[in-house]
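> just a sequence and a predicted model for now, questions to come.
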Amino acid sequence: MLAADIALIPIFPTNLSLLTLESSLSAASEAKTFNDKLQVFIVLTGVNSNVLVKDTAEARELISEMINDMDFCKLADNCITTRKIWSDITPLGISESGHTKVVEQFLGLMKEVI
């Protein structure tokens with residue numbers, strides 16, 4: 001993070017994963033003191049595609065509170081849902097996978113970040 005303009009912090013919407021976010025945010029704050037260009041995006045990943053599951057909404061709320069006073073941190077609007085295709089595309093690449101939803105999620109995130 002000392003040399004990057006943009007850092008992505010992937011986080012699962014689980015209690016254990018959210019606990020680790022505190023140390024990541026602490027490291028980001030320290031890096032920001034040395035790197036004024038640093039912008040941090042927190043990306044929810046491993047999100048359940050079932051909208052009735054409340055983990056994602058609860059995680060978004062907690063993360064928003066955690067970064068409320070960190071103007072260089074943003075919770076990405078786009079997220080990555082749990083899909084088997086993510087583990088299958090490693091040798092191919094995301095855009096070459098031909099899986100429309102995966103490509104849309106990835107491109108949505110990249111447009112948001114860049």
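Arrived safely. The shown structure was predicted, so the numbers you read here are calculated from the model rather than taken from an experiment.

> just checking, what packs against the helix or strand where Thr56 lies?
Counting by DSSP states H and E, the secondary-structure element that holds Thr56 is helix 55-66. Packed against helix 55-66, as judged by 3 or more CB pairs under 8 Å, 6 or more residues apart in numbering; DSSP states H and E, are the following elements: helix 15-34, strand 39-47, strand 73-75. In short, each C-beta sits where N, CA and C put it, glycine included.

> let's have those in TSV, adding distance to Val53, mean pLDDT and mean neighbour count.
As requested, the helices and strands packed on helix 55-66 are arranged in TSV below (distance: least, CB to CB, whole Å; pLDDT from 0 to 100; neighbours: other CB atoms under 10 Å):
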stretch	distance to Val53	mean pLDDT	mean neighbour count
helix 15-34	14	94	14
strand 39-47	9	94	20
strand 73-75	18	97	19
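
> closest one to Met1 among those?
Between Met1 and the helices and strands packed on helix 55-66, the tightest spacing by CB to CB is seen for helix 15-34, at 3.6 Å.

> how far does the closest one sit from its chain's centre?
When C-alpha coordinates are averaged (CA atoms, centre = their mean, to the nearest Å), helix 15-34 and its chain have centres 13 Å apart.

> can you name every helix or strand that that helix contacts?
Of the remaining helices and strands, those touching helix 15-34 by 3+ CB pairs under 8 Å, 6+ apart are strand 6-11, strand 39-47, helix 55-66.

> and the pLDDT for Glu112?
Here the pLDDT value assigned to Glu112 is 89.

> beta partners of the residue positioned nearest the centre of the chain?
Averaging the C-alpha coordinates of the chain gives a centre point, and the residue nearest to it by CA atoms, centre = their mean is Val43 (1.0 Å). With DSSP bridges as the criterion, Val43 is bridged to Pro10.
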